[in-house]
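Chemist: Fold the following for me, if possible:
(chains A and B)
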Amino acid sequence: MTVIEISCVEVWREISNFLEGWVDPELRQRMEAHFAVCSNCKAVLDGTKNVVKLIGDGQTFDVPAGFSERLFSKLP
Amino acid sequence: MTLMPQPQVDVTEQALIRRVREGDKEAFYGLVRPFERAVFFAARSVLNNDADAEDAAQEAVLKAFMHIEQFRGDSKFSTWLVQIAINEARMKLRKEHRELYESLDESTADEQGDYWPKDFADWREIPIEALQLKELREALSKALASLEPKYRQVLVLRDIQHFSVSETAETLGLSGEAVRTRLRRARLRMRDALAPGFDGGWIRGRGWEKVRPW
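Modeler: Okay, here's the model as predicted:
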């Protein structure tokens, strides 16, 4: 099976879409083949995936203490 | 006010909105509560500090309450509410920090140049448990604060508040394509911003060796 090569730049352009599953099957295949042989791009993929997972967790960022209680304080 | 016991109160969003239109404040609290964090973080994504963001958030819920009749129900309430928060935050930024206000921030055109990763170190995966470390959370906050507003706003809505691409696009007045492009750039920048601290530094007591050659 021939998979047309893809450059690192093209991979970086699509890397976020790849993580979300927003790439068509052909592009997905080309990117997966690239990740198998390019450690730089694999590192970028893994690191990006890791960052997205961390910031997506509810405990990462906090509202200020008392924010909830004060939120409606300007209502008449 | 009726003295008869109320039947089972309908608390669907539509029902709450109907009650808010009649001036029911309790219904408004119930309507807004699930989106408090979204309102705060949306404002913060524009203003980049807690105090200003909280002030803008309070203004936003006030505006939403006073103008509830303007919500037509053709989009989700959360989208409408967060849009108000973003607008309040932008007005506040323009008024109080004129020098920081970027009109470009609101442009729908993205610049020509793209953002490419600068760091290729292969770090060990940081587990969710590591978020208990204050230093990690601080590093993530700092990285987020270092992003350009237009990238930060997309990242906050999409990756932190888990809005869909179309909700993010609608809230910010962008095309879906612009959201995807800005999201990609935001994510790559976040990764690079965090890379220096990632050499196993967040995982204590597990003896990670450095992965970089230097």
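Chemist: then the longest helix along chain A to PDB, C-alphas only?
Modeler: Longest helix in chain A by number of residues (criterion: DSSP state H): helix A:39-55. What follows is helix A:39-55 as a C-alpha-only set of coordinates in PDB (Å, rounded to 0.1, in the frame of the first residue of the first chain):
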ATOM      1  CA  SER A  39      10.100  11.500  16.400                       C
ATOM      2  CA  ASN A  40       9.900  15.300  16.300                       C
ATOM      3  CA  CYS A  41       6.300  15.400  15.100                       C
ATOM      4  CA  LYS A  42       5.400  12.500  17.400                       C
ATOM      5  CA  ALA A  43       6.700  14.600  20.300                       C
ATOM      6  CA  VAL A  44       4.700  17.600  19.200                       C
ATOM      7  CA  LEU A  45       1.600  15.400  18.800                       C
ATOM      8  CA  ASP A  46       2.000  13.800  22.200                       C
ATOM      9  CA  GLY A  47       2.800  17.000  24.000                       C
ATOM     10  CA  THR A  48      -0.100  18.800  22.400                       C
ATOM     11  CA  LYS A  49      -2.400  16.000  23.400                       C
ATOM     12  CA  ASN A  50      -1.100  16.200  26.900                       C
ATOM     13  CA  VAL A  51      -1.600  19.900  27.200                       C
ATOM     14  CA  VAL A  52      -5.100  19.700  25.900                       C
ATOM     15  CA  LYS A  53      -6.000  17.000  28.400                       C
ATOM     16  CA  LEU A  54      -4.500  19.000  31.300                       C
ATOM     17  CA  ILE A  55      -6.200  22.300  30.500                       C
END
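Chemist: do that helix and chain B meet?
Modeler: Yes - judged by Cβ under 8 Å from any Cβ of the partner chain, helix A:39-55 and chain B are in contact via A:39-40, A:42-44, A:46-48, A:50-55. For glycine as for every other residue, the C-beta is placed from the backbone atoms N, C-alpha and C.
Chemist: Contacts only, for residue 73.
Modeler: You didn't pick a chain, so chain A it is. Applying Cβ atoms under 8 Å, 6 or more residues apart in numbering or on different chains, we find A:Ser73 in contact with B:Gln58.
Chemist: actually chain B
Modeler: Going by Cβ under 8 Å, 6+ apart, B:Gly73 touches B:Gln14, B:Ile17.
Chemist: any idea how far it is from B:Gln14?
Modeler: Distance from B:Gly73 to B:Gln14, counting by Cβ to Cβ, to the nearest Å: 7 Å.
Chemist: Against which helices or strands is the longest helix of chain A packed?
Modeler: helix A:8-20, helix A:25-37, helix B:134-146, helix B:176-194 (3 or more Cβ pairs under 8 Å, 6 or more residues apart in numbering or on different chains; DSSP states H and E).
Chemist: let's see it at 6 Å
Modeler: Here helix A:39-55 touches helix A:8-20, helix B:176-194, going by 3 or more Cβ pairs under 6 Å, 6 or more residues apart in numbering or on different chains; DSSP states H and E.
Chemist: Following the chain onward from it, which element is next?
Modeler: Next in sequence after helix A:39-55, counting helices and strands by DSSP states H and E, comes helix A:67-70.
Chemist: Return the set of buried residues in that following helix.
Modeler: Under the neighbour-count criterion of 16 or more other Cβ atoms under 10 Å in any protein chain shown, helix A:67-70 has A:Phe67 buried.
Chemist: same question for the longest helix of chain A, mean pLDDT?
Modeler: Averaging pLDDT along helix A:39-55 gives 94.
Chemist: Equivalent analysis for stretch B:80-98, please.
Modeler: 91.
Chemist: can it be found next to chain A?
Modeler: No - shown here: stretch B:80-98 not in contact with chain A (Cβ under 6 Å from any Cβ of the partner chain), separated by at least 11.2 Å.
Chemist: contacting residues around B:Ala56?
Modeler: Applying Cβ atoms under 6 Å, 6 or more residues apart in numbering or on different chains, we find B:Ala56 in contact with B:Ala43, B:Glu88, B:Ala89, B:Lys92.
Chemist: Most neighbours of all those residues, which one?
Modeler: Greatest neighbour count in the contacts of B:Ala56, by other Cβ atoms under 10 Å in any protein chain shown, goes to B:Ala43: 31 neighbours.
Chemist: which SSE is that residue in?
Modeler: helix B:36-47.
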